[in-house]
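Asks: missing the sequence, but the structure's below:
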């Protein structure tokens, strides 16, 4: 029996390998032109397959038979920092019952790998891709958590930071010690001549905290490329050793039982002199090879690409039907535009962007969210906004003033990030609840303001849940957790305002979920009701046709979802005014269960919404 299983596994692997061999070889040789290195890579892939656990191989077979397993409208994600949520990986495992009570079956743990204190960029400066931050636990703890998640039907997502390493990584330490082999894994230059040529065409990511794309190392008398921060050294993927070793790190995570590998900073992976070093063709070659290697060794895993651009420019990272790349991508632009819409009470730009998203193939899967671990950058469509009288610089200032609470009558609270006084550009940080007004209303004892804040919070989540793809909630949003200003007391965090929305999970708030009338009770149960409704109706599925509908009121956004057997309509009021709509076409209110035809009108309170099931006509 054992020998038969081994033979079947070997046949399965060889079948996958044969299916992808020609293209994988072609792409690899195109970049590296070394058959010896390619054969070494293939051998290492087979070894990683042999090390893959039996239950993971069984899951691979099951998911191969159902390649759309992650596209169901029952998917709900949550992202969190392990230490902030439960202290350790074992702590997360102990709280899986709470996570399941939230309806979550997709769990994204923020970066876990070993990174230096004070220079970690929230864990995105990795010093060792095979070790966990000691205070969070061990690799064995992560593997055990993955096993438990799998038993409970939770897919586990982890970041794979492949654009750069920490300056404390072994490769970087040996490069700093003068070893040429390791310097070749990065971008080292003896003079300013070539870095200067890069600077002419490569934009800066964070000009206020990391001016320029290179860092001078006086002890070596050399410059090293550091696109993000001086302590994050960019990897040189022209070097086949870099690609080989990083692929092994990628497969190491997959073999621990990680279901979703989030590729960080995808567009930056390949560097080419005379270009912007963004979105180059070689990036797509590398991602395509990763997709094929995954399908050969561990086809049960998914690739999630972090590509921070508008949907049309993001779409190429899905690849093609014949040559797919990422399984999923973030819907970043819509997230920023949602908050623009809240501040302006004007849905026109949001509708335009949704029209673009809805025009894309329905096979594309986006992750939708209201906020994440990072700041909110106002990368909006300013050409369109200018047509409506909103100029880029003053509009960004308005948005930042509104959400920090310095704008008159603003209900939001938060802080700026990377504020540049010269360009007057800045990003914004804050929790969903604080941006919706929960913090201000609570501080001021404003009961009316709290009612409005909760309604806005639920309306925005209702909008997010009305989209196809996977909705992702940031841990704490389900109980209305507000900004945490204690980060200013920590010397390792005090200069990074993003920690205002990365506060420790407040378990005492979770204790209020069942206490009638509390903020936590209203938000948690309101979200669970919406999530349950979403699971029960096929028109929320990926195959449904979504479209925006005309409205004579720019404060209202109408979205329809039509499947074979259902038609749903969502109406979202982004204004502080009551909206009364004449209504003669009937429909069932999915939230209340009432028949709206009886009233002959719809009443939407400030920041209210309605989900309707309409009679489907041919």
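Replies: Thanks, I have it. Note that this is a predicted model, so its numbers are computed, not measured. Numbers count the residues shown, from 1 in each chain.

Asks: residues in contact with the closest residue to residue 288 other than its chain neighbours?
Replies: Closest residue to residue 288 apart from its sequence neighbours, by Cβ to Cβ, 6 or more residues apart in numbering: residue 325 at 5.3 Å. Backbone N, C-alpha and C define where each C-beta goes, glycine included. Counting by Cβ atoms under 8 Å, 6 or more residues apart in numbering, residue 325 makes contact with 284, 287, 288, 291, 303, 305, 317, 318, 319.

Asks: which ones among these are found in helices?
Replies: 284, 287, 288, 291 (DSSP state H).

Asks: could you say which helix or strand contains residue 149?
Replies: Element membership for residue 149 (DSSP states H and E) is helix 139-151.

Asks: what's in contact with that helix?
Replies: 55, 59, 88-90, 92-93, 96, 107, 112, 130-132, 155-156, 256-259.

Asks: quick revisit: I'd like the contacts of residue 325 as CSV, with pLDDT appended.
Replies: Formatted as CSV, the contacts of residue 325 follow (pLDDT from 0 to 100):
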residue, pLDDT
284, 97
287, 98
288, 98
291, 98
303, 98
305, 96
317, 96
318, 96
319, 96
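
Asks: Is it possible to get JSON lines of those residues that adds neighbour count?
Replies: Formatted as JSON lines, the contacts of residue 325 follow (neighbours: other Cβ atoms under 10 Å):
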{"residue": "284", "neighbour count": "20"}
{"residue": "287", "neighbour count": "21"}
{"residue": "288", "neighbour count": "19"}
{"residue": "291", "neighbour count": "20"}
{"residue": "303", "neighbour count": "22"}
{"residue": "305", "neighbour count": "23"}
{"residue": "317", "neighbour count": "23"}
{"residue": "318", "neighbour count": "21"}
{"residue": "319", "neighbour count": "16"}
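
Asks: Against residue 264, how distant is the residue nearest to residue 288?
Replies: Using Cβ to Cβ, to the nearest Å, we find residue 325 at a distance of 15 Å from residue 264.

Asks: Tell me the one of the ones in helices among the contacts of residue 325 nearest residue 196?
Replies: residue 284 (28.2 Å; Cβ to Cβ).

Asks: distance of that closest one from residue 253?
Replies: Taking Cβ to Cβ as the measure, residue 284 falls 22 Å from residue 253.

Asks: count of neighbours near the nearest residue to residue 498 once chain neighbours are set aside?
Replies: Nearest residue to residue 498, sequence neighbours excluded (Cβ to Cβ, 6+ apart): residue 429, at 5.2 Å. For residue 429, the neighbour count with other Cβ atoms under 10 Å is 26.

Asks: Equivalent analysis for residue 30, please.
Replies: So residue 30, with other Cβ under 10 Å, has 11 neighbours.

Asks: That one reaches residue 285, doesn't it?
Replies: Yes: counting by Cβ atoms under 8 Å, residue 30 touches residue 285, with 6.7 Å between them.

Asks: A helix includes residue 571, no?
Replies: No: assessed with DSSP: H, G, I helix; E, B strand; the rest coil, residue 571 is strand; it does not lie in a helix.

Asks: my read: it touches residue 612, true?
Replies: Yes: here residue 571 lies in contact with residue 612, judged by Cβ under 8 Å, at a distance of 7.4 Å.

Asks: Name the residues of stretch 610-618 that are buried.
Replies: Under the neighbour-count criterion of 16 or more other Cβ atoms under 10 Å, stretch 610-618 has 610, 611, 612, 613, 614 buried.

Asks: An error on my part: the question was meant for stretch 310-326.
Replies: Residues 310, 311, 314, 315, 316, 317, 318, 319, 324, 325, 326 are the ones in stretch 310-326 that count as buried (16+ other Cβ under 10 Å).

Asks: so which of these would you say is closest to residue 384?
Replies: residue 310 (11.1 Å).

Asks: backbone phi and psi for the residue nearest to residue 498, please?
Replies: Main-chain torsions, residue 429, degrees, to the nearest 10: phi -130, psi 140.

Asks: returning to that earlier point: just the buried members of the contacts of helix 139-151?
Replies: Among the contacts of helix 139-151, those buried by neighbour count (16+ other Cβ under 10 Å) are 59, 88-90, 92-93, 96, 107, 112, 132, 155-156, 256-259.

Asks: State the pair within the residues you listed that is farthest apart.
Replies: Most distant of these, by Cβ to Cβ, are 59 and 88, 25.6 Å apart.

Asks: ok, back up a step: now distance to residue 447 too, for the contacts of residue 325, in JSON lines please.
Replies: Below are these laid out as JSON lines (distance: Cβ to Cβ, whole Å):
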{"residue": "284", "distance to residue 447": "54"}
{"residue": "287", "distance to residue 447": "51"}
{"residue": "288", "distance to residue 447": "56"}
{"residue": "291", "distance to residue 447": "53"}
{"residue": "303", "distance to residue 447": "47"}
{"residue": "305", "distance to residue 447": "44"}
{"residue": "317", "distance to residue 447": "46"}
{"residue": "318", "distance to residue 447": "47"}
{"residue": "319", "distance to residue 447": "52"}
